[in-house]
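**Student:** Show me how the following folds:
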Amino acid sequence: MESLEERFEKNLTNCNVRNGQKIVLGISGGVDSVVMTDLFLRSPRKLQLIIAHLNHGVRKEALQDEKFVEKLAHEHNLAFISEKLLPIRGGNLEEEMRIRR
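**Tutor:** Now for the predicted structure:
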């Protein structure tokens, strides 16, 4: 049975990701995005990773998430980009956040 890392590398190949390529990773700070970051970091392709975080300012933990992602980037000597959005007033919150991303 294939390991997670082997499946990940096959997916990178299928997506034509080349050695040394610059990749921007959108990281929320949740488990899924942190595991994804770890897989990219362990790739033998020597990728140039940039960590991007979008703080929607909706959850009370939003600033804590942003700081966690910033720390993750700095621990791995990766570039970090973060944007904070003004709070959303009314309407469909999920749809508006999707549009903003």
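
**Student:** In this structure, which residue is most central in space?
**Tutor:** I27 (2.3 Å; CA atoms, centre = their mean).

**Student:** give the contact list for the closest residue to that one other than its chain neighbours.
**Tutor:** Of all residues not flanking I27 in the chain, S33 sits nearest, at 4.4 Å (CB to CB, 6 or more residues apart in numbering). Using the backbone N, CA and C atoms, a C-beta is placed for each residue, glycine as well. Neighbouring residues of S33 by CB atoms under 8 Å, 6 or more residues apart in numbering: 25-27.

**Student:** before we move on, what SS does S33 have?
**Tutor:** At S33 the chain is in helix, as set by DSSP: H, G, I helix; E, B strand; the rest coil.

**Student:** Please apply the same query to K10.
**Tutor:** helix.

**Student:** so how far is K22 from it?
**Tutor:** Noted for K10: a distance of 21 Å to K22, by CB to CB, to the nearest Å.

**Student:** could you pull out the helices for the protein?
**Tutor:** Assigned by DSSP state H, the chain shows helices spanning 4-14, 31-42, 62-75, 93-100.
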